[in-house]
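S.K.: okay, sequence plus prediction incoming.
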Amino acid sequence: MILKLIAINKIKGHERTSKRRVEELVRAIQKDGVVKQAIIVDRRSSVVLDGHHRVEALKRLGATRVPAYLVTYQSQKIRVYLRRSYLQMHMIKQAVLHCGITGKIFPTKTTRHVLPHRQGIQKIVLSTLL
């Protein structure tokens, strides 16, 4: 996976965010001056797979770019799991992409994506994203 800075207005989410969590991240990013983890984005559709709260926090901080790993979501190496047992639906990658593309998004923390060889903390300086 290659880390890239991509335009924040070009990506689409597939889940809602928690206002409380976004506010916590805004404060943490302001305090530390860094984003500690890049987001994960499907390279074909520009749908965010992981990092919705970081994207929203960066938007509130005025960022125009976001650090992202662009991945091929249809790869069998990338797995998606349903976190919300009360949702009576069959979770498939196409449903995630459909939500991101149409804007009919899932509740916060509905999915969990597992990627092989994911990097740990990167510490991307906030000023490079503004």
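M.R.: Everything's here; your move.

S.K.: which residues of the protein score low on pLDDT?
M.R.: With pLDDT under 70 as the threshold, the chain has low-confidence stretches at 1, 81-91, 114, 116-121.

S.K.: what does the strand ranked longest in it contact?
M.R.: Longest strand in the chain by number of residues, with DSSP state E as the criterion: strand 65-71. For strand 65-71, the surrounding residues in contact (CB atoms under 8 Å, 6 or more residues apart in numbering) are 1-8, 11, 35, 38-43, 49, 51, 54-55, 58, 78, 115, 118-119, 122, 124, 128-129. Just so you know, the C-beta spots here come from the backbone N, C-alpha and C atoms, and that holds for glycine as well.

S.K.: please enumerate the helices of the chain.
M.R.: Along the chain, the stretches classed as helices by DSSP state H are 19-32, 52-60, 93-102.

S.K.: could you pull up the residues touching the most centrally placed residue in the chain?
M.R.: By CA atoms, centre = their mean, the mean C-alpha position of the chain lies nearest to residue 51, the distance being 2.5 Å. Residue 51 makes contact with 37-40, 66, 68, according to CB under 8 Å, 6+ apart.

S.K.: go again using 10 Å as the cut-off
M.R.: 11, 13, 35, 37-41, 57-58, 66-69, 113 (CB atoms under 10 Å, 6 or more residues apart in numbering).

S.K.: check residue 80 too.
M.R.: 49, 73, 91-93, 95-96, 110-114.

S.K.: now neighbour count and distance to residue 18 too, for those, in CSV please.
M.R.: Below are the contacts of residue 80 laid out as CSV (neighbours: other CB atoms under 10 Å; distance: CB to CB, whole Å):
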residue, neighbour count, distance to residue 18
49, 27, 18
73, 21, 24
91, 16, 20
92, 11, 25
93, 18, 24
95, 17, 21
96, 24, 19
110, 21, 12
111, 20, 15
112, 12, 15
113, 18, 18
114, 11, 21
